[in-house]
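[1] here are the coordinates; sequence isn't available:
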């Protein structure tokens, strides 16, 4: 039974995949309830629903970002903890999750995934025929110029703030179920691939240390700067 | 009983396997990955970078600790992990992993207060320590004196009102361009000094309550470097730099140890524990030894690798504390109070 795990946003998304059987859950973010408090109880409840115990888990596919710093830390560290018990792990990006969701609704050959990069920026990645191009950080005023007339998707809470014409926007009506379907599909596919360890987060944004003290940051390896791009 | 101890509250990622026997704890393995090279160019720990590094290191650190101890997970009796206080992004790394691992394997999980860990570092060498004990826990993040009633109960006697003593070492090294971390380099310079520059004026508090303060000392060092800018360029071989380091080091040790006799008198303490990263400092160790004997105090200073943050001290504390009844409801806490 493979666990699919996404803690990169305020919601926690979980999937359990065992052959053709799947269980999914989205736990909405709640003020004062950190991912660290919510994650394992939600997983435990899901396993109970499936009539299984933690020993039934045989692998973990985990979202490695980009996303919220603390949520991401909780998710990846939890996956790494399960890896210490001998479980293989696989990482996927936040972009890949939504690209999977768009793929499942037949969104076409080419589109942009836009995520809230905070600080007036979008994290943007163009997908062509199911493959990602290099992810970008784009200041919101420059989005239109970057995207041209290509189709795009962004989470509803972010899409409303984007200075983009809605004519090219993809809508995923039922946001949560689509994301859960995508998580199941991605988890199932990744579990057929060679595992990766350790899971290296994909931050996309450099640390504040590098932004404020670039001359002191020359020694930082890429894994500490923007993380492992996917 | 075999305990896996994990610690990542600041800039050390560490795991250890400890065997708790009737005669006391024995360290079977201790792995620690420091981050000095990562933080050196900034002159201090950068929390976000520390957290990023922990996540990359943790798995290998834990596996190495288990492997060095020749220990599989099945032989472990419990997992102990630092719950706080500390940097939250750093704490969450080993805390989340320990929770997940204990949950998956059905192992008891013991959340440990970081300072109880530092106290229990002394238990590894002195399991028979007589209580009550004065516990002087000094690092880059803490400068606290406690009365330890036993190995798991600390009562605060006094603490710093601003900076930790370790910060004064780091700042001195930074102002003199001696490198990072400051403790070892200032210590080396101080030991090579022919004489101590000083004195530095001790802080006084209007409310008269016992406390420490190290921000004024940092300012005083800065004032000397401003007065004589050559000091910032002279390097570790320069006699004036060495003299200043000696002055700062003697002052810190003197201020830290000065209130101890009065506290011993007031509390009837029978022992003195000195722990935390600053407990590696040679002047402080010598000063504590010189003070303990005439005061009739049994002295316990852990070996240096157990003074800095490490998983063995967390395991040692975790051997005595009760496992969490419901590990799923646990969370790391950057400001965890002592209970």
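    Yep, it's here. All values derive from a computational prediction rather than experimental measurement.
[2] can you pull the contacts of the closest residue to residue B:37 other than its chain neighbours?
    Leaving aside its chain neighbours, residue B:37 sits nearest to residue A:219 (7.4 Å; criterion: CB to CB, 6 or more residues apart in numbering or on different chains). For the C-beta atoms, the positions are set from N, CA and C on the backbone; glycine is no exception. The neighbourhood of residue A:219, defined by CB atoms under 8 Å, 6 or more residues apart in numbering or on different chains, consists of B:37-38, B:41.
[3] how close does residue A:219 sit to residue A:207?
    Distance of residue A:219 to residue A:207, computed by CB to CB, to the nearest Å: 13 Å.
[4] would you list every one of the helices in chain B?
    B:36-39, B:47-68, B:88-105, B:114-125, B:165-175, B:182-192, B:215-227, B:231-234, B:239-257, B:260-267, B:282-295, B:304-307, B:311-320 (DSSP state H).
[5] sorry, back to before: and the contacts of residue A:219, which are buried?
    B:38, B:41 (16 or more other CB atoms under 10 Å in any protein chain shown).
[6] so residue B:47 sits right up against residue B:91, yeah?
    No - in this structure, residue B:47 is not within contact of residue B:91 by CB atoms under 8 Å, at 10.6 Å.
[7] need the pLDDT of the spatially most central residue of chain A.
    Central residue of chain A (CA atoms, centre = their mean): residue A:94, 2.4 Å from the mean position. The per-residue pLDDT reported for residue A:94 equals 97.
[8] still on that earlier bit, so of the helices of chain B, which one's packed in deepest?
    Greatest average neighbour count among the helices of chain B goes to helix B:311-320 (a mean of 31), per mean count of other CB atoms under 10 Å in any protein chain shown.
[9] what mean pLDDT does it have?
    98.
[10] quick one: distance of it to the chain centre.
    14 Å (CA atoms, centre = their mean, to the nearest Å).
[11] same check on stretch A:30-43?
    17 Å.
[12] is chain B within reach of it?
    Yes - with CB under 8 Å from any CB of the partner chain as the criterion, chain B is reached by stretch A:30-43 at A:34, A:36-37, A:39-41.
[13] mind listing what residue 48 touches?
    Picking chain A for this. Counting by CB under 8 Å, 6+ apart, there are no residues that residue A:48 touches.
[14] that answer is for a different chain, and I need it for chain B
    Contacts of residue B:48 by CB under 8 Å, 6+ apart are A:69, A:207-209, B:89.
[15] just the buried residues from those, in PyMOL please.
    This is how PyMOL selects the buried members of those, with burial counted by 16+ other CB under 10 Å:
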select buried, (chain A and resi 69+207+209) or (chain B and resi 89)
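[16] closest one of the contacts of residue B:48 to residue A:139?
    residue A:208 (17.7 Å; CB to CB).
[17] residues contacting stretch B:267-274, please?
    Contacts for stretch B:267-274 (CB under 8 Å, 6+ apart): B:119, B:122, B:126, B:129-138, B:147-148, B:157, B:260, B:263-264, B:284-285, B:288, B:291-292, B:295-301.
[18] looking at the helices of chain B, which is nearest to residue A:51?
    Per CB to CB, nearest to residue A:51 of these: helix B:88-105, 17.3 Å.
[19] sounds good, over and out.
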